[in-house]
Every structure is written in structure tokens, then in C-alpha cells.
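J.: Sequence below, structure please.
(2 chains)
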Amino acid sequence: MSQSTVDKYFWLSFEMIKSNVMTAMEYRTSFLIQVVGMIVNDVGLILIWVIFFQKFPAINGWSFSDSAMLFAITTSSFGILMTLCRGAYSISETITKGGLDYFLALPKNVLWHITVSKSDSSAIGDFFFGLGMFFLTTNPDLQHFFMYIGYTVLASTIMFGFILVTQSLTFWLGNFQEASEQIFHLLVGFTLYPQSVFHGAMKIFMLTLVPGFFVATVPVEIIKNFDPVLFFLMVGYAMGIVTLGISLFHLGLRRYESGNLLGSQI
Amino acid sequence: MNTKSLKLKAQLNIAKYLEVAKISYSNVSTYFSNVFVKSVTVVVRIWIFTQLYSVTYIVSGVSSVGGLTVPMAIWTLTLVQSFQTASRPGVMRVIDEEVKSGNIAYSLGKPYSYILFHYFNHMGKIVPNLFWNLLISGFATLFLVGSVMPKFEGVIFGVILLFFGYTLDFLITFSLGLLAFWVEDTSAFVWLYSKGQMVLGGLVLPIALFPNYLQKIVEFLPFSQFFYSAAQTIVSFDLAKTFFFIEVQLTWIVVFIFITKFLFLKGGKNVSINGG
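T.: Numbering: from 1, shown residues only, chains lettered A, B, ... in the order given. From the prediction side, this is the model:
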């Protein structure tokens, strides 16, 4: 891909996402309810661990402050992902409902177009909740702040790759929409729990099938104590899973036959 | 017989609602991969809970907390998770879409009660999901923590509590969906409702492990009455507690029948059909 093509896609993405967010902001009250609602929703999640750590103050060296850091990274990465690439989460629905034909008829890359076609405005609330958690629970010096941003971006890249893999399975499995959403929620689910309790086969599961280890365990570990091996492992995994996701999508696209859906896309 | 009583008679004809439930059951069963993956996700969550609570109990040096041993806690969570996952996605999204798209205008003209139609449709969807969830996650839990011996009365009362729990969950989600008549997007209510369930409904942390003061408050709220009360009754049966759960459930059901009916009648006035 030439430099000018990369530039073109970058600015197009920027314009698409801006337009998605501006459209959502047009309904001001709804937009605010969504963003604030999501922040309250995330506060609800952390409440579980406030109650839990009241009963059991530390589990294998993992305390409430570790859970707070975990939430800071994962909610922010989820926020970035869903604000910028919400469309990828709808690939399965788009295929099942015959909506893919619309994207196939357009001149730009199909996967790119689906990915940036939607933005979840409520995810902005997730991002700000994560940022707030970071400032509330750690020593927010510049070095830690950049580390936090970097790991957040890396974790959202891994989540994006994982979404591409699971959503693309629809090309082979038919109606896989609910299932692919459940699998993604499973990954998000891993980010809820104290990471120090996982052991044995579960650790292998988190390293392979559902990459909870890379989006939850590693970022918290290396923000506490930097480990170059874990860092490069995370970067390598992010590149690998995105490549796998893109390849699976294009492989599946070759099998795709039109949904023959009649309708209008405005 | 006047037109009004004929319409009412047609609306209360139970046979057609059972047909609705049957069709909805078949729709869900057709896509087995969806049902299967849902059950597998429950298994993974149970696996996580097993690790979480086994390690927590060991490092805390206790064998039982709030009357729950590790196997009891895991079985309670298995049941709560199976019950809850079987009912998702809830009816809220469906109602919200019908209101926003305007399709509700056509549905209201059909010879059935709109609320009863969705109730039976929802219940029909739950059955296959619940069957596979319980079967697959039940085997997984048996493998992970062994068995706990439920009492026969506990299972019978558990089923009754579950039925009321699903009804209560339906009424609340239906009411929240109807809010689409007044607000542009109801998704924020969906999250808050699901988080309420997650935190106060014993989906991750059994309510028996809550501090005592919180436990007492939570047991009066509807969140704990959807699925947790049924699960607790099956795992550790206590007759007095069961009757208390039924009382709380029925009170909330009556309250939400009124709220649903009120919102439906008030929102329905906003519906108008334009020809063309």
C-alpha cells in the first residue's frame, strides 16, 4: 500500500468517525444519556469488586487497586475500539441480514468500510471512565500515563483482531451473530476478574482461544513492573491476531453469495 | 356479544399464544450453533468462578462463607448464569425496535394481546436455551466441583420461583422497552438494568457472600428475585426463605403489571396509523 493510499484511508476514517459521532451528538439528550449511562454502568461493575475485596482483602497479592488498574485499561480499550470500529462488531449481523452487498458495491476496501461505518457513542463513556480510574488509582506521572495509553491502544488492537476472527466465522457457520457476541463478551468477561486466580488449563485457554491474558493480565503486569518479554509478546500477539482476522474475513468473503436483500441504505 | 367482548375473547384465547411459543421455540432451536455457543460461554464463566472461589477460599483459610462451600457457591452461580443467559437477548431490544420503527402500529391491530404475544414469544425462546445451558453447564460443574445434593422440594420450589422470576424479568424489560415512546434510545436503561442484575442479582458474587446489611437490602430488590432466589432454593433449600422469596416476587410482579399496563396504554396513545 503506497503512502498516499494510507493517507487517504486515514483521513477518510477520520471523516467517517467524525460524521458518526456528530450524527449521534445531533440528538443531544440521547447522546448524554448514553455517555453518562455508560459511566454509571462501569461504576456498577467496579462495585462488585468493592464488595468482594471488603470480604477478601487480597487474593494471591492481587488487591482492589490492581482491579482498578485492570478496569482503567480494559474499559478505555473497549471505549477506543467501539468508538472507532463498532462496525466490525456488526459483521455477522451485516452478513446474516444481507447487508454486505451494499459495501461490496462501493469502491473502497470492504472490511475497512464496514469497520468504520458505525461508532458507538456510549463507548466514549467507557473511555472516560477508564481514564478517570487511571487518575484516581495510580500515581499519574507522565511515564505511567504514556504507558497506560500505549497498552490501552494495544489491548484494543487485540480485541479488534479477536472480533474480526469471531465475526468472520459467520461466512462458514451461517447465523452466528448471537454466538459471536457471546464469545466477545467472554473475552471482556476475563477482564473483570482478579488475574492472580487463573492457573493451569485456564491460563492456556487465555493464551490461545480467548486472549484474556493479553488484554487483561499482561497490561496490568507490565504497568506495575515493566517486562520487555511480555511487552513484545503483547505486540506480537496483536499483530498476529489482526492479520489472522483480516485473512479470515477475506477468505470468507470469497465464499459469500449475495443476500439478495431488497432495500435501501441511506 | 358486542365487538369489545369479542375482541377480548380473541385476545385471551390461550391456544394461539401456545402456538406463538412453539414457533419461537422452533426458531431458536433451528440455529443450534447459537444455542450451543451460548451454553459453552456459561461453561467458561463457571470455570472462571471455580478458579476464583477455590483460590479465594484457600487463601482466606475458610471452608464456608455465608453458609456456602465452594461447590455450593459454584452450583448457585451455574444455575443463575444458565437461567440468565437463556433469557438473553431480552425483550427490551425487540420492543424498542418495534416502537422506533413504527411496526408497533401494525402489531396493535392484530387479533392478539400485544403484551401476551411477546410474553409467550419470549418464554418460547427461553426453553431450548435453558435446556442446553443446564445440560452442558451442569455436566461441566459436576466435573469441576462435584455434586451438591438438592432436596426434592427445593427443586420444585426452585422451578416455581424461576417461572415467576422470568415473568418479572419480562415485565421489567418490556416496560423499559416501552420507554422508547418517550426517549430516543433506551440502550442506557438496558446497561443499567443488566448491571443491576450483575451486581445485585448474584451473577458474579453470590448474595450469601455480601455483607449482612447489604444482603438484607438486596433480597427485597427485584434483581435478586429474577434468578438468584430460584438458584439458592435449589442448592440450599429453606422453606421460610422460599416463602419470603415468593412474597417478594409476587409483590414486584403485581407492581410491574400495573407499570407495564400504564406505560403501554399511555405510549399506545402516541401511535397513529397514516394511510399510504
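
J.: Show me what from the stretch 151-276 of chain B comes close to chain A.
T.: Residues of the stretch 151-276 of chain B lying near chain A by C-beta under 8 Å from any C-beta of the partner chain: B:183-185, B:187-189, B:191-192, B:195-196, B:198-199, B:204-205, B:209-211, B:214. Where C-beta positions appear, they are placed from N, C-alpha and C, glycine not excepted.

J.: out of the residues you listed, which are buried?
T.: Neighbour-count burial (16 or more other C-beta atoms under 10 Å in any protein chain shown) applied to those gives B:185, B:187-189, B:191-192, B:195-196, B:198-199, B:204-205, B:209-210.

J.: Now distance to residue A:225, secondary structure and pLDDT too, for these, in JSON lines please.
T.: Listed next are these as JSON lines, based on distance: C-beta to C-beta, whole Å; DSSP: H, G, I helix; E, B strand; the rest coil; pLDDT from 0 to 100:
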{"residue": "B:185", "distance to residue A:225": "43", "secondary structure": "coil", "pLDDT": "74"}
{"residue": "B:187", "distance to residue A:225": "39", "secondary structure": "helix", "pLDDT": "78"}
{"residue": "B:188", "distance to residue A:225": "38", "secondary structure": "helix", "pLDDT": "78"}
{"residue": "B:189", "distance to residue A:225": "42", "secondary structure": "helix", "pLDDT": "84"}
{"residue": "B:191", "distance to residue A:225": "34", "secondary structure": "helix", "pLDDT": "80"}
{"residue": "B:192", "distance to residue A:225": "37", "secondary structure": "helix", "pLDDT": "84"}
{"residue": "B:195", "distance to residue A:225": "32", "secondary structure": "helix", "pLDDT": "85"}
{"residue": "B:196", "distance to residue A:225": "37", "secondary structure": "helix", "pLDDT": "89"}
{"residue": "B:198", "distance to residue A:225": "31", "secondary structure": "helix", "pLDDT": "87"}
{"residue": "B:199", "distance to residue A:225": "31", "secondary structure": "helix", "pLDDT": "88"}
{"residue": "B:204", "distance to residue A:225": "28", "secondary structure": "coil", "pLDDT": "89"}
{"residue": "B:205", "distance to residue A:225": "29", "secondary structure": "coil", "pLDDT": "90"}
{"residue": "B:209", "distance to residue A:225": "31", "secondary structure": "helix", "pLDDT": "87"}
{"residue": "B:210", "distance to residue A:225": "34", "secondary structure": "coil", "pLDDT": "89"}
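
J.: Could you single out the nearest of those to residue A:175?
T.: Closest approach to residue A:175 among these (C-beta to C-beta): residue B:187, at 22.6 Å.

J.: The closest one and residue A:122 touch, don't they?
T.: Yes: the pair residue B:187 and residue A:122 passes the contact test of C-beta atoms under 8 Å, sitting 6.8 Å apart.

J.: related to what we said a few turns ago, for the buried ones among the residues of the stretch 151-276 of chain B next to chain A, which one is nearest residue A:203?
T.: Closest approach to residue A:203 among these (C-beta to C-beta): residue B:204, at 20.4 Å.

J.: and that closest one, what does it touch?
T.: A:48, A:192, B:49, B:77, B:198 (C-beta atoms under 8 Å, 6 or more residues apart in numbering or on different chains).

J.: how about 7 Å then?
T.: A:48, B:198 (C-beta atoms under 7 Å, 6 or more residues apart in numbering or on different chains).

J.: That one and residue B:195, how far apart?
T.: 11 Å (C-beta to C-beta, to the nearest Å).

J.: what ranges do the helices span in the chain?
T.: Since no chain was named, I'll use chain A. In chain A, the helices defined using DSSP state H lie at A:3-26, A:28-55, A:64-85, A:91-96, A:100-104, A:110-116, A:123-137, A:142-168, A:170-173, A:177-190, A:201-207, A:212, A:218-224, A:228-255.

J.: not what I meant, chain B
T.: B:3-11, B:14-30, B:32-60, B:70-86, B:91-101, B:104-108, B:114-145, B:152-178, B:187-200, B:212-218, B:223-226, B:228-235, B:239-268.

J.: Of all these, which one comes closest to residue A:67?
T.: Closest to residue A:67 of those, according to C-beta to C-beta: helix B:32-60, at 12.0 Å.

J.: now the closest one: how far from the chain's centre is it?
T.: Relative to the centre of its chain, helix B:32-60 is centred 19 Å away, using C-alpha atoms, centre = their mean, to the nearest Å.

J.: so that helix versus helix A:142-168, what angle?
T.: 140 degrees (axes from the mean of the first three to the mean of the last three C-alpha atoms, to 10 degrees).

J.: Wondering if helix B:32-60 reaches chain A at all.
T.: Yes: if you take C-beta under 7 Å from any C-beta of the partner chain as the test, helix B:32-60 does meet chain A, through B:33-34, B:37-38, B:41, B:44-45, B:47-48, B:51-52, B:55-56, B:59-60.

J.: Measure how that helix sits relative to helix B:14-30, angle-wise.
T.: Between helix B:32-60 and helix B:14-30, the angle comes out at 80 degrees (the same axes, to 10 degrees).

J.: between helix B:32-60 and helix B:114-145, how big is the angle?
T.: Going by the same axes, to 10 degrees, helix B:32-60 is angled at 50 degrees with respect to helix B:114-145.

J.: For helix B:32-60, which residues meet the burial criterion?
T.: Residues of helix B:32-60 classed as buried: B:34-35, B:37-57, B:59 (neighbour count, 16+ other C-beta under 10 Å).

J.: Distance of the residue nearest the centre of chain B relative to chain A?
T.: Geometric centre of chain B, nearest residue: residue B:166, 4.0 Å, by C-alpha atoms, centre = their mean. Applying C-beta to the nearest C-beta, to the nearest Å, the value for residue B:166 to chain A is 19 Å.

J.: And for residue B:88?
T.: From residue B:88 to chain A the distance is 9 Å (C-beta to the nearest C-beta).

J.: Ok, residue B:87 next?
T.: Taking C-beta to the nearest C-beta, one finds residue B:87 at 13 Å from chain A.

J.: cool, residue B:16 as well?
T.: 27 Å.

J.: and that residue, what does it touch?
T.: Counting by C-beta under 7 Å, 6+ apart, residue B:16 touches residue B:112.

J.: cool, residue B:99 as well?
T.: Taking C-beta under 7 Å, 6+ apart, we find residue B:99 in contact with B:178, B:180, B:181.
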